[in-house]
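In: pasting the structure only:
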């Protein structure tokens with residue numbers, strides 16, 4: 001009996017030792033925490049990667065939005081606000097502190113084509129930083145979150161040269177051509193920032209406008225078939241806003257004193273003004289010019305609240321000068337009166353021959369039948385400018401630009417795009433934007 005029990009026990013023990021059917025359960029029990037941890041780690045890292053993709057998409061769209069504002073000439077705070085607003089719509093969960101907008105860039109990597117964008121104002125570099133919480137991985141790290149950062153580089157590129165620009169944002173006929181005007185613009189475009197469906201407006205079939213192309217934020221109304229485009233198959237409507245090329249040029253400081261305008265024309269003809277100065281004052285006055293007035297000194301001539309009327313063969317002439325129209329000053333050229341001036345080619349007002357106060361609504365009627373010769377820019381952002389002028393006799397590199405709130409051509413005008421010797425800043429229209437990094 002005793003022997004049997006011992007043999008049974010020995011046999012049973014051997015069976016237990018040889019039984020492997022419970023080993024998988026034991027291994028599974030030991031491995032389950034590791035497997036679950038791996039799945040949790042993978043899911044968390046995958047979530048970070050998804051967030052990274054969202055932040056990158058937000059950075060791309062923010063850079064593009066910022067570039068549209070740069071293209072339009074907006075201030076840096078507007079550029080940054082546009083970038084943040086579009087980034088948030090695109091899934092960015094950070095705040096303004098996590099957004100950086102550089103224009104021009106100072107720390108951007110090279111663009112996709114290998115060019116260095118740093119210091120180039122046509123590039124916009126945007127970086128976005130956003131935190132993501134740790135869940136499982138916080139047990140293995142010293143902090144409870146990670147920072148996800150993405151960057152994007154946008155380039156404002158291409159574009160077309162323009163020589164006429166109307167800045168008014170909503171006017172019908174922001175650029176208008178009427179009567180029997182014959183406008184020939186060689187190598188340059190006409191641009192208007194108005195959203196009106198008739199931002200570019202022609203009146204009557206007797207007029208003619210020959211230009212490379214037309215670009216307008218709104219539309220074109222050419223009922224008389226006046227417009228003849230030499231490069232574009234049709235006008236570029238619903239185009240981006242064209243940047244004011246002189247938006248950053250500061251107006252002259254206020255004069256300490258002003259001379260009476262009568263002193264400007266007194267005496268024999270021609271009247272020679274041998275030093276720059278300031279004329280007019282607080283009260284609105286009129287300066288009639290019926291003789292030749294030579295502005296012999298290069299520099300800036302300031303007129304405050306002065307209506308300058310040229311008539312009866314009157315002429316104002318000067319080389320490398322800027323006529324600054326302060327307050328409500330205006331210029332009107334009637335009959336056989338004329339204007340023959342050129343802008344400075346360097347300095348604070350380089351390229352600007354006539355500079356209208358940005359807060360002024362004074363009109364510029366430069367339509368004398370004897371012709372208007374202006375080398376450089378007629379720049380009065382809030383004025384209505386009527387222009388007749390001829391650049392056919394200009395030297396190589398000399399050109400005319402007309403930039404106003406609204407612009408009307410009522411007679412013949414001949415422009416040339418070659419401004420290389422005029423000191424002007426280029427008007428560039430219909431620019432595109434590309435993400436390049």
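Out: On my side now, so go ahead. All of these numbers come straight from a predicted model, not from anything done at the bench.
In: could you break the chain into its assigned domains?
Out: 23-157, 160-431 (automatic domain parsing).
In: where among these is the average confidence lowest?
Out: Mean pLDDT per stretch puts domain 23-157 lowest among these, at a mean of 82.
In: do you know which of the domains of the chain lies nearest residue 437?
Out: Among these, domain 23-157 comes nearest to residue 437, with 3.4 Å by CB to CB. All C-beta spots, glycine's among them, are computed from the backbone N, C-alpha and C.
In: can you say which of the domains of the chain is packed in most?
Out: Compared across the domains of the chain, domain 160-431 shows the largest average neighbour count, a mean of 20 (mean count of other CB atoms under 10 Å).
In: now do that domain: distance from first to last residue.
Out: 7 Å (CA to CA, to the nearest Å).
In: related to what we said a few turns ago, can you list the domains of the chain in TSV and add distance to residue 437?
Out: Converted to TSV, these look like this (distance: least, CB to CB, whole Å):
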stretch	distance to residue 437
domain 23-157	3
domain 160-431	18
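In: contacts for stretch 98-107 next, please.
Out: With contacts defined as CB atoms under 8 Å, 6 or more residues apart in numbering, stretch 98-107 is touched by 62, 66, 70, 76, 79-80, 83-84, 87, 92, 108, 117-130, 153.
In: how long is that stretch end to end?
Out: Across stretch 98-107, first to last residue, CA to CA, it's 16 Å.
In: what about that stretch, distance to the chain center?
Out: 17 Å (CA atoms, centre = their mean, to the nearest Å).
In: ok, stretch 214-222 next?
Out: Computed by CA atoms, centre = their mean, the chain-centroid distance of stretch 214-222 equals 19 Å.
In: which residues sit in contact with residue 169?
Out: 193-195, 217.
In: try 10 Å this time
Out: Residue 169 makes contacts with 192-196, 199, 217-218, 241, 405, as judged by CB atoms under 10 Å, 6 or more residues apart in numbering.
In: top strand in the protein by residue count?
Out: As assigned by DSSP state E, the longest strand anywhere in the chain is strand 372-390.
In: can you tell me the strand partners of that one and which way each runs?
Out: strand 338-342 (parallel), strand 352-356 (parallel), strand 364-366 (parallel), strand 400-416 (parallel) (DSSP bridges).
In: give me the phi and psi angles of residue 326.
Out: phi -90, psi 150 (degrees, to the nearest 10).
In: right, and the secondary structure at residue 69 would be what?
Out: At residue 69, secondary structure determined by DSSP: H, G, I helix; E, B strand; the rest coil is helix.
In: which element is the spatially closest residue to it that is not a sequence neighbour on?
Out: Leaving aside its sequence neighbours, residue 69 sits nearest to residue 79 (CB to CB, 6 or more residues apart in numbering; 4.4 Å). Residue 79 is part of helix 76-89, with elements assigned from DSSP states H and E.
In: hmm, who's touching that helix?
Out: Contacts of helix 76-89 (CB under 10 Å, 6+ apart): 55, 57-70, 72, 74-75, 92-96, 98-103, 124, 126, 128, 130, 150, 152, 154.
In: the residue lying closest to residue 227 once chain neighbours are set aside bridge partners, please.
Out: Leaving aside its chain neighbours, residue 227 sits nearest to residue 209 (5.0 Å; criterion: CB to CB, 6+ apart). Judged by DSSP bridges, the bridge partners of residue 209 are residue 183, residue 227.
In: again with the one 5 residues further on
Out: Each beta-bridge partner of residue 214 is listed here, defined by DSSP bridges: residue 190.
In: what sits against it?
Out: 160, 162, 164, 175, 185, 189-192, 199-200, 220, 222, 227, 229, 232, 234-237, 239, 429-430.
In: and for residue 427?
Out: Residue 427 touches 159-165, 188-189, 191, 242-246, 377, 401-403, 417, 419, counting by CB under 10 Å, 6+ apart.
In: one more time with 7 Å, if that's ok
Out: 161-163, 165, 191, 242, 245, 401 (CB atoms under 7 Å, 6 or more residues apart in numbering).
In: in strands only, show me the residues you listed.
Out: The strands, defined by DSSP E, take in 161-163, 165, 191, 401 from the contacts of residue 427.
In: mind putting those into a markdown table with distance to residue 314?
Out: Listed next are the ones in strands among the contacts of residue 427 as a markdown table, based on distance: CB to CB, whole Å:
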| residue | distance to residue 314 |
| --- | --- |
| 161 | 33 |
| 162 | 31 |
| 163 | 27 |
| 165 | 28 |
| 191 | 32 |
| 401 | 24 |
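In: excluding its own residues, what touches stretch 383-395? List them.
Out: 356, 360-367, 371-375, 378, 399-400, 402, 404-416.
In: over to stretch 233-244?
Out: Applying CB under 7 Å, 6+ apart, the contact partners of stretch 233-244 are 68, 71-73, 162, 165, 167, 191, 193, 200, 213-217, 219-220, 229, 381, 427-431.
In: what ranges do the helices span in the chain?
Out: Listed in chain order, the helices found in the chain under DSSP state H are 2-18, 23-72, 76-89, 262-265.
In: by contact count, what packs against the shortest one?
Out: Just to be clear, that refers to helix 262-265. Judged by 3 or more CB pairs under 7 Å, 6 or more residues apart in numbering; DSSP states H and E, the packing partners of helix 262-265 are strand 278-289.
In: distance from the strand it packs on to the middle of the chain?
Out: 35 Å.
In: so which elements touch that strand?
Out: Counting by 3+ CB pairs under 7 Å, 6+ apart, the packing neighbours recorded for strand 278-289 are helix 262-265, strand 299-310.
In: next, the angle from that strand to strand 338-342.
Out: Interaxial angle of strand 278-289 relative to strand 338-342 (axes from the mean of the first three to the mean of the last three CA atoms, to 10 degrees): 140 degrees.
In: now the angle between strand 299-310 and strand 278-289, please.
Out: Taking the same axes, to 10 degrees, one finds strand 278-289 and strand 299-310 inclined to each other by 30 degrees.
In: how about residue 368: what's its closest non-neighbour residue?
Out: Nearest residue to residue 368, sequence neighbours excluded (CB to CB, 6+ apart): residue 333, at 3.6 Å.
In: measure stretch 255-266 end to end?
Out: Termini of stretch 255-266 sit 22 Å apart (CA to CA).
In: ok, stretch 149-164 next?
Out: Terminal residues of stretch 149-164 lie 43 Å apart, using CA to CA.
In: can you say which of the helices and strands packed on strand 278-289 is nearest to residue 276?
Out: Closest among these, using CB to CB: strand 299-310, at 3.9 Å.
In: list the strands paired with that closest one, with their directions.
Out: Under the rule (DSSP bridges), strand 299-310 has strand 278-289 (parallel), strand 321-326 (parallel), strand 330-333 (parallel) as partners.
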